[in-house]
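Undergrad: Got a predicted structure plus its sequence, pasted below:
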Amino acid sequence: MTLAVRQQMVVDKNHTIHLQNSELKPGSRVEVIVLMESEARQAKEKPMSFLEGAQKLSIDAPPDFSATFEKNLYGHGN
């Protein structure tokens with residue numbers, strides 16, 4: 001069975017991290033994958049709300065789409 005260890009760490013001034021876990025037995029072969037968050041994501045103070053995200057959407061539709069969507073979708077309507 002594969003053991004997965006997920007732990008968030010901070011890289012120290014020597015550009016190193018230290019992982020210690022009692023499940024890791026001396027002499028065991030392991031594979032380490034480091035996923036580093038982008039600086040933009042780290043700098044973001046709060047997550048974007050749904051409305052903030054919706055305001056940034058760009059939808060390619062005719063200006064009267066809300067009034068004619070059934071006609072466009074089903075071929076009938078208003």
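TA: Cool, the structure landed. Just so it is clear, the structure is predicted and the values come from calculations on it, not from any experiment.

Undergrad: On the C-terminal side of the helix or strand encompassing Gly53, identify the next helix or strand.
TA: Taking DSSP states H and E as the definition, Gly53 sits inside helix 50-55. Where DSSP H and E defines the elements, the next helix or strand beyond helix 50-55 is helix 65-74.

Undergrad: For that following helix, list the C-alpha coordinates in CSV.
TA: What follows is helix 65-74, C-alpha atoms only, in CSV (Å, rounded to 0.1, in the frame of the first residue of the first chain):
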residue,chain,number,x,y,z
PHE,A,65,-30.0,37.4,-25.5
SER,A,66,-31.8,37.3,-22.2
ALA,A,67,-35.1,38.1,-24.0
THR,A,68,-34.5,35.7,-26.9
PHE,A,69,-32.5,32.8,-25.4
GLU,A,70,-35.5,30.3,-25.7
LYS,A,71,-35.9,31.2,-29.4
ASN,A,72,-32.1,30.7,-30.0
LEU,A,73,-32.0,27.5,-27.9
TYR,A,74,-35.2,25.8,-29.0
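
Undergrad: helices or strands up against that helix?
TA: With contacts defined as 3 or more C-beta pairs under 8 Å, 6 or more residues apart in numbering; DSSP states H and E, helix 65-74 has no helix or strand neighbours. (C-beta placed from N, C-alpha, C; glycine too.)

Undergrad: Give me the distance from that helix to the chain's centre.
TA: 33 Å (C-alpha atoms, centre = their mean, to the nearest Å).

Undergrad: average pLDDT for that helix?
TA: The pLDDT scores in helix 65-74 average 80.

Undergrad: next one: stretch 52-59
TA: According to the model, stretch 52-59 has a mean pLDDT of 87.
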